[in-house]
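Q: quick one: sequence and predicted model below, then my questions.
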Amino acid sequence: MDPMEMGVLAGSAVLIAGVLWYFFGERETVAVGISETGVQQIKITVKGGYSPDVIAVKQGMPVKLDFYRDESASCTEQVVFGDFGIARNLPAFQTTSIEFTPDKAGEFTFACGMNMVRGKLVVEPQAAR
Ligand SMILES: [Cu+2]
């Protein structure tokens, strides 16, 4: 094998590993940033799914989720947080902010209006005081 072939082989191995990771890798939980005013804020890109799709927040602290819908496919035109009684339309190629304060701890699914595309909000319990 000459160096050129070696390079191609190594390149495709990296590519395959990346594809496998994309489909089967463990989804990472993403923590939110906290603004000066104490709002837990994160930007979520909506494109055939939610990215990030697992978001960790703290209970009892306001949350601002900035959904940027980077597609016009009708599937994702609505996002629903059933456990918090929130359903919001997401206009294409715009950012729609959803603000609420999670009053309960646990794992809550959010999804498109058809419940096909899903993400998860992980609300960590408030520290006892
Ligand atoms: Cu859908």
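A: Nice, I can see it.
Q: how close does residue 44 sit to residue 105?
A: From residue 44 over to residue 105 the distance is 21 Å, taken as CB to CB, to the nearest Å. C-beta coordinates here come from the backbone N, C-alpha and C atoms, glycine included.
Q: comparing those two, which residue is more hemmed in?
A: The neighbour comparison of residue 44 against residue 105 (other CB atoms under 10 Å) goes to residue 44, with 23 against 15.
Q: my guess is that one contacts residue 64. True?
A: No - taking CB atoms under 8 Å as the definition, residue 44 is not a contact partner of residue 64, at 10.8 Å.
Q: what ranges do the strands span in the chain?
A: 30-31, 33-34, 40-46, 50-51, 54-58, 63-69, 78-81, 86-89, 95-100, 106-112, 118-124 (DSSP state E).
Q: got CSV for these, with distance to the ion too?
A: Formatted as CSV, these follow (distance: least, CB to the ion, whole Å):
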stretch, distance to the ion
strand 30-31, 22
strand 33-34, 28
strand 40-46, 10
strand 50-51, 11
strand 54-58, 18
strand 63-69, 12
strand 78-81, 8
strand 86-89, 13
strand 95-100, 16
strand 106-112, 3
strand 118-124, 9
